[in-house]
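Asker: A structural model of the following input is requested.
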Amino acid sequence: MIPIRATVPTATEARALLTGIVRSAEIDAETVATAPADDAPDETLLGHVSTPFSSVADVAERLGRTEAYLRERGDPRAVFLTVYSRMTAAVGTAIDDGAFLNPTWAASYLVAFADRYRRAFAAFERRAFESVPRPWLIAFAAAARGRTLVAQDALLGINAHIAYDLTYTLGDIGIDPDRDRKRADHQRINAILARLVQTMQDVLVETYDAVGIAGIDRLLDPFDDRVALVGLRGSREFAWRNAVLRADGAGGLVGRYVDWRTETVSTGAAALILAPDIDAATSERLRTAESGVDAARAFHEAIRRRL
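Answerer: This is a model prediction of the structure:
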């Protein structure tokens, strides 16, 4: 039986949960999803994501194909994949280089993490919105409506994947036995992820500067508070604590509590990203400026040069 004290949120988590409750109330994910509901699913796109990933190589190959397909069609969902495909490549290289204590577990981690994204993406494309986790439903539907900035597309994807998917990925692959060694490998993956996210933030600022769009730093700063209410590093620790609660808890009550806190924090963060604390005039100026350039392609090219 898990000690009751283990279920008590940290001070940071408690603040995030309170903010998440307030901000989640501001957004109706089901209403947001009405925009693409009448569009026919893209069968070619579904062909890229319809079956589970089988290996690290399969993840890299199919994520790359999906990103290229989306980018060619001007689909904003390509923006997150520009970042995420590079992350999977970096973790794959680290596995090959012997950076992990348990490379088999690390490879399973990468594949399971990617498959959480694939399942949400495929369900959304099939218009099975009831099967899409709320932070992903918000991210995908906002992209489909065509009113997001490239920076928002990137942040919404990162939030859904880290603040939501990571908890369940750790449950999918298991944190026992050898929990301490697996935690160490989890932290190694986190370090890779943190470097790539910092690069992404730098590239976003450079991309907007290059095409003459000023003010994007007000959307990105402070970046940690935008991408996850518990902070970027805190969100990864949040996921580990959630996984421990699920692994050590008895019965369904703990599981439901973890589900609630995971969805509350990730959905609240998505609401913050969609409605940042910038004035309406600045927001409209950014949208108008971005509409005149291919910021998504510029972002892709900048990431490709950096990574």
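Asker: checking Phe100 next. Helix, strand or coil?
Answerer: At Phe100, secondary structure determined by DSSP: H, G, I helix; E, B strand; the rest coil is coil.
Asker: my guess is it contacts Ala191, does it?
Answerer: No - assessed by C-beta atoms under 8 Å, Phe100 is found out of contact with Ala191, at 11.4 Å. Yep, even glycine has a C-beta here, placed from its N, CA and C like the rest.
Asker: more neighbours: which of these two?
Answerer: Phe100 (21 against 14; other C-beta atoms under 10 Å).
Asker: skipping its backbone neighbours, what lies nearest that one in space?
Answerer: The shortest distance from Phe100 to any non-neighbouring residue, by C-beta to C-beta, 6 or more residues apart in numbering, is to Ala106 (4.1 Å).
Asker: quick one: Thr264 from Leu101, how far?
Answerer: Separation of Thr264 from Leu101 (C-beta to C-beta, to the nearest Å) stands at 33 Å.
Asker: hmm, I typed the wrong one, I wanted Thr167.
Answerer: Counting by C-beta to C-beta - Thr167 and Leu101 are separated by 22 Å.
Asker: those two: which is more packed in?
Answerer: Thr167 (27 against 15).
Asker: that one is in what secondary structure piece?
Answerer: Under the criterion DSSP states H and E, the helix or strand holding Thr167 is helix 166-173.
Asker: any chance you could list what contacts that helix?
Answerer: 105, 108-109, 112-113, 115-116, 186, 235-236, 238-240, 242-243, 246-247, 258, 262 (C-beta atoms under 8 Å, 6 or more residues apart in numbering).
Asker: which among the residues you listed end up buried?
Answerer: Among the contacts of helix 166-173, those buried by neighbour count (16 or more other C-beta atoms under 10 Å) are 105, 108-109, 112-113, 115-116, 186, 235-236, 238-240, 242-243, 246, 258, 262.
Asker: and the helices in the stretch 51-200 of the chain?
Answerer: In the stretch 51-200 of the chain, the helices defined using DSSP state H, counting those that start in this stretch lie at 56-72, 78-96, 103-125, 134-145, 150-159, 166-173, 179-210.
Asker: Ala11: which of the ones you listed is closest?
Answerer: helix 166-173 (19.7 Å; C-beta to C-beta).
Asker: what's the angle between the closest one and helix 179-210?
Answerer: Helix 166-173 and helix 179-210 are oriented at 140 degrees to each other (axes from the mean of the first three to the mean of the last three C-alpha atoms, to 10 degrees).
Asker: distance between helix 166-173 and the chain's centre?
Answerer: 14 Å (C-alpha atoms, centre = their mean, to the nearest Å).
Asker: average pLDDT for that helix?
Answerer: Model confidence over helix 166-173, given as mean pLDDT, is 96.
Asker: what does stretch 46-65 give?
Answerer: 96.
Asker: can you give me the end-to-end distance of it?
Answerer: Stretch 46-65 has its terminal residues 12 Å apart, counting by C-alpha to C-alpha, to the nearest Å.
Asker: return the set of buried residues in that stretch.
Answerer: In stretch 46-65, counting by 16+ other C-beta under 10 Å, buried: 48-49, 53, 56, 59-60, 62-65.
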